[in-house]
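In: Let me see the structure of the following:
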Amino acid sequence: MTKTAKVSHWPLTILGSVSSLFNIFLPIVMSRKMSPTSVGEFKIFFLYLLAVPALSLGIGYTNGTYLWGSDPIDGNAKARSAFLLSLFSGFAAGAFVLAAGAWLGWSGTLVLFAAACPPVVGAAVFEASLVARGQVRRAAFFTAGFEFLRTGAVLSAILLELGLHSVVALYVIASWLKLFAAGFGLGIFSPLDPTFRRLRPGLLKYAIPVSVAAIFDLLVLNADRYVLSTLLLPSDYAIYAFGCLMIPPLFVVEQSINQVLIPKLARAEAGSRESLAHFRAALEDLLLVLLPATAGLIALAEPLTLFLFTERCRDGAVFMAWYGVFYTLLAIPQDVLARARGDGGWILRASVIFGVLALAASLIGAKYFGALGALKAFLLIQAGRRAYALLYFTEKERCAFAKMFPVQTALVLAGSASAALLVARQVSRLFERPAQSVMAGGALFAAVYLGLVYLFRPRVLQRLRQLRKSQ
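Out: Just a heads-up that it's a prediction; the model follows:
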């Protein structure tokens, strides 16, 4: 077995999950230290900041680096060139925001938004280049370290009640530090390097369709939030955002597994046993973590909402229960094979189709059924998008669904999570205080789920034990 075959996502997953635990405290602290209006404005600010990498082509350079960085000849040069292009795009995005401010009117929030654009766009390229070269542990320490710094700064500002602008300003400063570290790590000195000029056309050819696709992917993932941010008051939007509970470690797990999976699929021959084995292994790892997340949120939605966000956010419980379904859908990778094969055309086509459908469905759902209708529309589009991705995989890898999808493992995990859900829900109703309901229900949920999984011993646990021995 080659060295590259042993590259694991677990360093990224473990360190990223630990660092992102800080992010769990953000909404908890905000619900107690900030007004509902300020919380809503904070959520909306970062909702739109998240769109900048796609709108500025930066996400195309980052995603492409996972493919280009594994090139034994030009990998490092392509990563440096991608960083320079993404940095230029970030500054262009910031300049556009400032120009819009000169036309629409200046504000402190607008200036901070413009200042955040370059680091948000550029810093991710360095991490992608490390993962592509198999330096997963170094990538994990880089990402986790700056996540600790950035989230810690934001949390400190909130706890000290410094105000919304101070909170965002500290986030921007920490992001710039990460950008400088990324540039130093890539050895960036001059944008006029001949290597940059030679590689630029090829990078742009890949990045443009991928970034356009990412714009529509943002609609697939956030159309409900974009629509509701224009229809709801900031205070009402805050309740919706709290209810749609983002659990950072779960997203870290999903992203880390996919980040490592893409180079593995890129190196494997299409339709080979190696390619199928990598994909099945990634699905098993994802289902092991994300299926119980769905069941746990459904079982404990109301006491968890009250425990985390206080009584004034009680209305968010129904959103939390429905949003929990998304975590199971998240276990199905939506475009990793296309990214590994460099199939930008399919990525663009799928993203446009489902992005348009997501926006239309969210508008209809919000108009006729309110915020919950928009959320259900979001889940429907997610299910369709990931089913389409599985169909693409079976066609390109020339395999049956049963060979690609770990059906037996999925059934064991789903059955275990369902049993744990029923037990946790009944137990949580025996207590009056939300904290007691969450602790008792959560403990029993974990005990039942892990006990049943261990009893039936799906293959994912066998692989985890083998991985631990090999390391």
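In: Give the closest residue to Ser235 in space, chain neighbours not counted.
Out: Excluding the flanking residues, the one nearest Ser235 by C-beta to C-beta, 6 or more residues apart in numbering is Pro36, at 3.6 Å. (Glycine included, C-beta is placed from N, CA and C.)
In: Tell me the spacing between that neighbour and Met30.
Out: As defined by C-beta to C-beta, to the nearest Å, Pro36 lies at a distance of 10 Å from Met30.
In: One more: Leu304?
Out: The gap separating Leu304 from Met30 is 16 Å, by C-beta to C-beta.
In: Per-residue pLDDT of the nearest residue to Ala124 once chain neighbours are set aside, please?
Out: Spatial nearest neighbour of Ala124, excluding adjacent residues (C-beta to C-beta, 6+ apart): Thr62 at 4.5 Å. Per-residue confidence (pLDDT) for Thr62: 81.
In: Leu413 versus Thr62, what's the distance?
Out: Distance of Thr62 to Leu413, computed by C-beta to C-beta: 31 Å.
In: Next: Ile298.
Out: The value you get for Ile298 to Leu413, if C-beta to C-beta is used, is 15 Å.
In: Next: Glu254.
Out: For Glu254, the distance to Leu413 - C-beta to C-beta - is 16 Å.
In: The two: which has the busier surroundings?
Out: Leu413 (27 against 21; other C-beta atoms under 10 Å).
In: so what's the more buried one closest to, chain neighbours aside?
Out: Leaving aside its sequence neighbours, Leu413 sits nearest to Leu291 (C-beta to C-beta, 6+ apart; 4.8 Å).
In: So what's the residue count around the one you found?
Out: Neighbours of Leu291 under the rule other C-beta under 10 Å: 23.
In: OK, contacts around it?
Out: Shown in contact with Leu291 (C-beta atoms under 8 Å, 6 or more residues apart in numbering): Tyr327, Thr328, Ala331, Ala410, Leu413, Ala414, Ala417.
In: State the next helix or strand along the chain beyond whichever strand or helix holds it.
Out: Under the criterion DSSP states H and E, the helix or strand holding Leu291 is helix 273-299. As assigned by DSSP H and E, the chain's next helix or strand after helix 273-299 is helix 301-309.
In: From the contact counts, what lies against the next helix or strand after that following helix?
Out: For helix 301-309, the succeeding helix or strand toward the C-terminus, using DSSP H and E, is helix 317-323. Helices and strands touching helix 317-323, by 3 or more C-beta pairs under 8 Å, 6 or more residues apart in numbering; DSSP states H and E, are helix 234-243, helix 273-299, helix 301-309, helix 344-396.
In: how about 6 Å then?
Out: Packing partners of helix 317-323 (3 or more C-beta pairs under 6 Å, 6 or more residues apart in numbering; DSSP states H and E): helix 234-243, helix 301-309.
In: Mean neighbour count and distance to Arg150 for those helices - can I get that in CSV?
Out: Shown next, in CSV, are those (neighbours: other C-beta atoms under 10 Å; distance: least, C-beta to C-beta, whole Å):
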stretch, mean neighbour count, distance to Arg150
helix 234-243, 23, 19
helix 301-309, 22, 21
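In: Now distance to Ala51 and mean pLDDT too, for these, in a markdown table please.
Out: Formatted as a markdown table, these follow (distance: least, C-beta to C-beta, whole Å; pLDDT from 0 to 100):
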| stretch | distance to Ala51 | mean pLDDT |
| --- | --- | --- |
| helix 234-243 | 16 | 93 |
| helix 301-309 | 26 | 93 |
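In: can I get these in a markdown table with distance to Asn258?
Out: Shown next, in a markdown table, are the helices and strands packed on helix 317-323 (distance: least, C-beta to C-beta, whole Å):
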| stretch | distance to Asn258 |
| --- | --- |
| helix 234-243 | 24 |
| helix 301-309 | 27 |
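In: Nearest to Ile173 among these would be which one?
Out: helix 234-243 (24.3 Å; C-beta to C-beta).
In: State the next helix or strand along the chain beyond that closest one.
Out: helix 248-267.
In: pLDDT on that next one, on average?
Out: For helix 248-267, the mean confidence score works out to 84.
In: Which strands or helices does that helix pack on?
Out: helix 10-33, helix 273-299, helix 336-341.
In: Can you show me the CA trace of the last one as PDB?
Out: In other words, helix 336-341. Output of helix 336-341 as PDB, limited to C-alpha atoms (Å, rounded to 0.1, in the frame of the first residue of the first chain):
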ATOM      1  CA  VAL A 336     -17.100  15.000  -4.800                       C
ATOM      2  CA  LEU A 337     -16.700  12.800  -7.900                       C
ATOM      3  CA  ALA A 338     -17.300  15.600 -10.300                       C
ATOM      4  CA  ARG A 339     -14.700  17.700  -8.500                       C
ATOM      5  CA  ALA A 340     -12.200  14.800  -8.500                       C
ATOM      6  CA  ARG A 341     -12.700  14.200 -12.200                       C
END
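In: No further queries at this time; thank you.
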